[in-house]
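>>> Compute the structure for the input listed below.
(chains A and B)
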There are 2 protein chains.
Amino acid sequence: MATTSPAPATAAALEKLSSTKMFDGHNLRFRHQSATLGCAMTFSIYLPPSPASNLPVLYWLSGLTCTDENFIIKSGAQRAAAAHGIALVAPDTSPRGLNIEGEADSYDFGVGAGFYLNATNEKWKNWRMYDYIVKELPKVLSDNFEQLNTSRASIFGHSMGGHGALTVYLKNTDKYKEYDATCLIRKIKEVSAPILIDQGEDDNFLGEQLLPRNFEEACRAVGAPLILRMQPGYDHSYFFIATFIDDHIAHHAQFLKST
Amino acid sequence: MATTSPAPATAAALEKLSSTKMFDGHNLRFRHQSATLGCAMTFSIYLPPSPASNLPVLYWLSGLTCTDENFIIKSGAQRAAAAHGIALVAPDTSPRGLNIEGEADSYDFGVGAGFYLNATNEKWKNWRMYDYIVKELPKVLSDNFEQLNTSRASIFGHSMGGHGALTVYLKNTDKYKEYDATCLIRKIKEVSAPILIDQGEDDNFLGEQLLPRNFEEACRAVGAPLILRMQPGYDHSYFFIATFIDDHIAHHAQFLKST
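Okay, here's the model as predicted:
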């Protein structure tokens, strides 16, 4: 279970929670003590059947309220990952079990809502999901999975996690081969690979919150390559994600293959 | 909500609960008052993008504890259904909300455990899932979806639902193009289409409960065409189902196309 005791100096051993065969590879689920977040964290990884070494890593960042499991259970992404020989890594969306007052009062703040950033308020000092995703998790992976080459990495996601993937990518264009956010893109000198965004036109959050056209405009202003596809009739759900996940994995695969 | 009041003589109107676009078609979910079961029932249907008429119907029968939603959310079957132009229909697994004493005491008896048969005990008189699947539901579909041709039908499923599909098929070889159970197959004169079974070798229920080899032996004795595929490393989960669902839909499609 989660704990608030002092974090260990090095990554703790991984505790395997489950292993399930799928498309000739395996969904694995682990728990580990996160030094960055000061609590136990779970993550899921899909290991394709081949190759057995130098596997590229594609991180999936989930949206609000999700855990590491939603993507693994609902997206159907394992088929394309197996076909392309890419490992999928799905972390959780926030620290859990810290019992910070008010941490679970809202679906879009606190538990399940890490926003892939480092919080600046003392009360939320454990909410350092940016450092967890960018620094700790890749180290945990390379320390524990010799078949992975974490320097061949790309990142994508959905909703809060789609935006998280964009910000993580744009702050680390040397490290990841993909993705942004509207303010960051304006400062970018060069984007190493085009960004692919699918947006459902019947998405309930489109009108007020998502603003993909602002991002498109910012990309155009700095000459950053963006493929923004508006998808008529599709909403915000995993049914939408499952429909287009193959295109996204193929998109990332073309850049991961050349590295 | 569910009710135990007298069932209406004709199928009640469908209440649409949700509609979600996926692979250019739509997942639709409905509630209706079942005359057979004497309670409100939900079912899900995936309508592929084309054709707009004479669509064949492939029924999916789920396993213990499932509702109509598990298959729709987890299997990824909509991709192949869209490609083949087949409607998927996923009913619930039992009557619900009748408040029969003891109906929810066990995961494998009562609620979520209809076994696709007509119960013979008076106390369980509402448990008439065989009639619901074979008679009422096809009528509800043909009354409400003019694009469906319910005489072009096939049936498959998983676990309790895999066995249910086999029994429904073998009792109605003129009506469905697929599937059985070990006792029934011995009485069969002719099976119109081969039966395809995938069985995970790491399935927890394989050793004591599933007995596919008994079924294989019975098929051989009567000369019924069976394709039984043992799949090393796979368990009983929806990850297993998702891995092989395309093969099953393609299998059914080849017989649905010729009718």
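
>>> chain center to stretch A:204-211: distance?
20 Å (C-alpha atoms, centre = their mean, to the nearest Å).

>>> host element of the residue nearest to A:Ser62 when sequence neighbours are not counted?
Nearest residue to A:Ser62, sequence neighbours excluded (C-beta to C-beta, 6 or more residues apart in numbering or on different chains): A:Gly161, at 4.7 Å. C-beta: built from backbone N, CA, C; applies to glycine. Element membership for A:Gly161, per DSSP states H and E: helix A:160-171.

>>> what does the average pLDDT come to for stretch A:161-181?
Averaging pLDDT along stretch A:161-181 yields 69.

>>> give the contact list for the residue nearest to the spatial centre of chain A.
The centroid of chain A falls nearest to A:Leu61 when counting by C-alpha atoms, centre = their mean (2.2 Å). A:Leu61 sits next to A:91, A:93, A:116, A:133, A:155-158, A:160-162, A:164-165, A:168 when contact means C-beta atoms under 8 Å, 6 or more residues apart in numbering or on different chains.

>>> same thing with A:Leu28?
A:Lys16, A:Ser18, A:Ser19, A:Ser44, A:Ile45, A:Tyr46, A:Leu47.

>>> Most neighbours among these, which one?
Within those, A:Tyr46 tops the neighbour count with 25 neighbours, counted by other C-beta atoms under 10 Å in any protein chain shown.

>>> Tell me the predicted confidence for that residue.
95.

>>> Likewise for the one 10 residues further on?
Note for A:Pro56: predicted pLDDT of 91.

>>> so it touches A:Leu256, yeah?
Yes. In this structure A:Pro56 lies within contact range of A:Leu256 using C-beta atoms under 8 Å: 4.1 Å.

>>> Which residues are in contact with each of these two?
A:Ile86, A:Arg152, A:Ala153, A:Ser154.

>>> Let me know the closest of the residues you listed to B:His26.
A:Ile86 (30.1 Å; C-beta to C-beta).

>>> what helix or strand is A:Val57 on?
Here A:Val57 is assigned to strand A:55-61, by DSSP H and E.

>>> Pairing partners for that strand, with directions?
strand A:87-91 (parallel), strand A:148-157 (parallel) (DSSP bridges).

>>> List the buried residues for the last one?
For strand A:148-157, the neighbour count (16 or more other C-beta atoms under 10 Å in any protein chain shown) marks A:Leu148, A:Asn149, A:Thr150, A:Arg152, A:Ala153, A:Ser154, A:Ile155, A:Phe156, A:Gly157 as buried.

>>> Mind listing residues that contact that strand?
Residues outside strand A:148-157 that contact it (C-beta under 8 Å, 6+ apart) are A:53-63, A:87, A:138, A:141-142, A:162-165, A:168-169, A:175-179, A:248, A:252, A:255-256, A:259.

>>> go on, stretch A:64-76?
Outside stretch A:64-76, the residues that reach it (C-beta under 8 Å, 6+ apart) are A:27, A:29, A:42-44, A:46, A:60, A:62, A:77-78, A:88, A:90-93, A:107-108, A:112-113, A:158-161, A:238, A:241-242, A:245, B:73-74, B:76, B:79, B:238, B:242.

>>> Where strands are concerned, which of those residues count?
Among these, the members found in strands (DSSP state E) are A:Asn27, A:Arg29, A:Thr42, A:Phe43, A:Ser44, A:Tyr46, A:Trp60, A:Leu88, A:Ala90, A:Pro91.

>>> Between the contacts of A:Leu61, which sits nearest chain B?
Using C-beta to the nearest C-beta, A:His158 comes nearest to chain B of these, at 14.9 Å.

>>> Next, count neighbours for the closest one.
A:His158 has 26 nearby residues by other C-beta under 10 Å.

>>> what residues are up against the nearest residue to it once chain neighbours are set aside?
Closest residue to A:His158 apart from its sequence neighbours, by C-beta to C-beta, 6+ apart: A:Gly63 at 4.9 Å. Contacts for A:Gly63 (C-beta under 8 Å, 6+ apart) come out as A:Thr93, A:Gly157, A:His158, A:Ser159, A:Met160, A:Gly161, A:Gly162.

>>> For the second one, name its beta-bridge partners.
Right, the one you point to is A:Gly157. Here A:Gly157, judged by DSSP bridges, has bridge partners A:Leu61.

>>> That one and A:Leu141: what is the separation?
Going from A:Gly157 to A:Leu141 by C-beta to C-beta, to the nearest Å gives 17 Å.

>>> The third one too?
According to C-beta to C-beta, A:His158 stands 21 Å off from A:Leu141.

>>> Ok, the fourth one next?
Relative to A:Leu141, A:Ser159 is positioned 24 Å away (criterion: C-beta to C-beta).

>>> ok, now A:Thr150?
5 Å.

>>> any residues in contact with both of these two?
A:Val57.

>>> Contact residues of chain A facing chain B?
A:20-24, A:27, A:73-74, A:76, A:78-79, A:200, A:202, A:233-235, A:237-240, A:242-243 (C-beta under 8 Å from any C-beta of the partner chain).

>>> where does chain A have low pLDDT?
Residues of chain A meeting the criterion pLDDT under 70: A:1-12, A:173-192, A:258-259.

>>> what ranges do the helices span in it?
Per DSSP state H, chain A has helices spanning A:69-74, A:78-84, A:129-131, A:137-144, A:160-171, A:182-185, A:212-222, A:238-257. These are given in chain order.

>>> What helices and strands are in contact with the last one?
So that's helix A:238-257. Contacts defined by 3 or more C-beta pairs under 8 Å, 6 or more residues apart in numbering or on different chains; DSSP states H and E place helix A:238-257 against strand A:55-61, helix A:69-74, helix A:78-84, strand A:148-157, strand A:195-200, strand A:226-231, strand B:15-22, helix B:78-84.

>>> winner for burial among those?
Greatest average neighbour count among those goes to strand A:55-61 (a mean of 26), per mean count of other C-beta atoms under 10 Å in any protein chain shown.

>>> In CSV, could you pull the C-alpha coordinates for that strand?
These are the backbone C-alpha positions of strand A:55-61, laid out as CSV (Å, rounded to 0.1, in the frame of the first residue of the first chain):
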residue,chain,number,x,y,z
LEU,A,55,13.0,-2.2,-28.1
PRO,A,56,11.8,1.4,-28.5
VAL,A,57,9.4,2.7,-25.8
LEU,A,58,6.2,4.5,-26.5
TYR,A,59,4.8,6.2,-23.4
TRP,A,60,1.0,6.7,-23.1
LEU,A,61,-0.2,9.4,-20.8
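
>>> any idea which of the helices of chain A is most buried?
helix A:160-171 (a mean of 24).

>>> Tell me the helices and strands packed up against that one.
strand A:55-61, helix A:129-131, strand A:148-157, helix A:182-185, strand A:195-200.

>>> what residues are up against A:Tyr107?
A:Leu64, A:Thr65, A:Ala113.

>>> Only whichever of those are buried, select them in ChimeraX.
Per 16+ other C-beta under 10 Å, the buried members of the contacts of A:Tyr107 correspond to this ChimeraX selection:
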select /A:64,113
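
>>> Make JSON lines out of the contacts of A:Tyr107 and add distance to A:Arg213.
Formatted as JSON lines, the contacts of A:Tyr107 follow (distance: C-beta to C-beta, whole Å):
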{"residue": "A:Leu64", "distance to A:Arg213": "22"}
{"residue": "A:Thr65", "distance to A:Arg213": "26"}
{"residue": "A:Ala113", "distance to A:Arg213": "25"}
